[in-house]
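Peer 1: give the three-dimensional model of this entry:
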Amino acid sequence: MEVQSVTKVYYVRHAEPNYDNHNDALRELTLKGLDDRKLVTKFLADKEINVAVSSPFRRAVDTIKEFADLKGIKIEVIDEFRERKVDSGWIDDFTSFTQNQWDDFNYKLSDGECLQEVQERNISALLKLIDDYKGKNIVIGGRGTALSTIINYFDTSFGYDEFAKMKNKMPWIVEFQFDSEAHCCAIYKHDLF
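Peer 2: You can find the predicted model right below:
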């Protein structure tokens, strides 16, 4: 009898960032965000994590760094897990922008990405990761929109309303379980507060 191996992916949405820094890639965590990493470390402590990867965005790496350092796991930065590019500049009415994107997955600004592109890029990277590390437990440090498009891919009922509800959950962890054929068989959302 063959034992089915389950691959578990713990996708960690970053802790509270410093919104005064408008450089999206280099935006650091606030003091609260740095402190809240303890919640991530505590949650992941008994999950037997084998692999740690992250979006290249600083706050994503920094959110899982304390855990990875504690366990002696090197964080591999995977560019495909980066957040959506909104545009060249800062968006003042971000709420309207995100609603437009969720209403139309192909909506984007002139120098940005649509959610369809973000979803395809992130799902491709996720499926490769699952194939490379079958049967392992993986932590991914990432961002809210990227995570939301992944959830939406496996559960199409996750849309703008669910995105809006999770907008202020930082950090937040979503656990995906995949069977040996890389089919998502379960999604668990873990609130840390």
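Peer 1: in the chain, which helix is the longest?
Peer 2: helix 115-132 (DSSP state H).
Peer 1: what is it packed up against?
Peer 2: Packing partners of helix 115-132 (3 or more Cβ pairs under 8 Å, 6 or more residues apart in numbering; DSSP states H and E): strand 7-13, strand 137-142, helix 144-154. Bear in mind the C-beta positions are built from the backbone N, C-alpha and C, glycine included.
Peer 1: please identify the most buried of these.
Peer 2: Ranked by mean neighbour count, those are led by strand 137-142 with a mean of 26 (mean count of other Cβ atoms under 10 Å).
Peer 1: now that strand - C-alpha only, PDB.
Peer 2: C-alpha atoms of strand 137-142 as PDB (Å, rounded to 0.1, in the frame of the first residue of the first chain):
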ATOM      1  CA  ASN A 137       6.500  21.500   4.700                       C
ATOM      2  CA  ILE A 138       7.200  24.900   3.100                       C
ATOM      3  CA  VAL A 139       6.900  28.400   4.400                       C
ATOM      4  CA  ILE A 140       6.500  31.300   1.900                       C
ATOM      5  CA  GLY A 141       7.000  34.900   3.000                       C
ATOM      6  CA  GLY A 142       4.800  37.100   0.800                       C
END
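Peer 1: contacting residues for residue 82?
Peer 2: Shown in contact with residue 82 (Cβ atoms under 8 Å, 6 or more residues apart in numbering): 55-57, 143, 146.
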